[in-house]
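Visitor: Quick one, structure for this:
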Amino acid sequence: MIRGQASSMTDSFSGLAYGLGFAILFVYLLMVVNFQSWTDPLIILTALPGAAAGIVWALYVARTTLSVPALMGAIMCVGVATANSILLVTFANGRRKEGADAQTAAADAGSTRLRPVLMTATAMIVGMLPMSLGLGEGGEQNAPLGRAVIGGLLVATCFTLFFVPVAYSLLRRRPPAADVTDADLDRDAPLGRELT
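Guide: Now for the predicted structure:
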């Protein structure tokens, strides 16, 4: 039986892995309530495989082992990648309500929201750059966090700008349902109810 540091490290890994999975599930369910749709949150979360691939790639290139700070960086990266995808999907939904088809709405969202997505990702990457270098006394301890965030956001941003619009145009082919207003309800009401 393994004891000591290895045991506590295994417990920390499993706890953070469960936390990451629960965070993704919780964010998905929260977006379902917000968007009142099961499809839009699924489209938003299509950027997360890119974030995972970028994290693994960055840790491999930097010859950094998987650690608690790296998993904390993964959770941060998931949050930023999800926020960037929400920007695109929200804008595309607005364009579809104006009458555009799914492909045009996705293309417009990718081009119009390009600057905010790049600004958010660049600010996070530049902010994490000093930490990822691991300079200074004890700097190597938190370097995996910065490396995970930088690698994850580099790939997740590409996924957000290219893969998320493609997924949107494929999964949102049907036109949006018309919004029911109070005027529509009054017009469709029976004559006796309007008189009372």
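
Visitor: only C-alpha atoms for contact and neighbour calcs from this point on.
Guide: Noted.

Visitor: Need the residue closest to the centroid of this protein.
Guide: For the chain, residue 82 is the residue whose C-alpha lies nearest the centre (C-alpha atoms, centre = their mean; 1.4 Å).

Visitor: show me what contacts that one?
Guide: Applying C-alpha atoms under 8 Å, 6 or more residues apart in numbering, we find residue 82 in contact with 44, 45, 47, 48.

Visitor: try residue 89
Guide: By C-alpha under 8 Å, 6+ apart, the neighbours of residue 89 are 40, 43, 44, 106, 109, 165, 168.

Visitor: quick one: the host helix or strand of the fifth one to chain centroid distance?
Guide: Take DSSP states H and E as the rule and residue 109 turns out to sit in helix 102-112. On the basis of C-alpha atoms, centre = their mean, to the nearest Å, the separation between the geometric centre of helix 102-112 and that of its chain is 18 Å.

Visitor: Look at residue 6 and report its pLDDT.
Guide: Note for residue 6: predicted pLDDT of 69.

Visitor: Over to residue 143?
Guide: Confidence at residue 143, expressed as pLDDT, is 89.

Visitor: from the contacts of residue 89, which is closest to residue 153?
Guide: Checking the contacts of residue 89 against residue 153 by C-alpha to C-alpha gives residue 44 as the nearest, at 14.8 Å.

Visitor: Using TSV, lay out the contacts of residue 89 together with secondary structure.
Guide: Shown next, in TSV, are these (DSSP: H, G, I helix; E, B strand; the rest coil):
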residue	secondary structure
40	helix
43	helix
44	helix
106	helix
109	helix
165	helix
168	helix
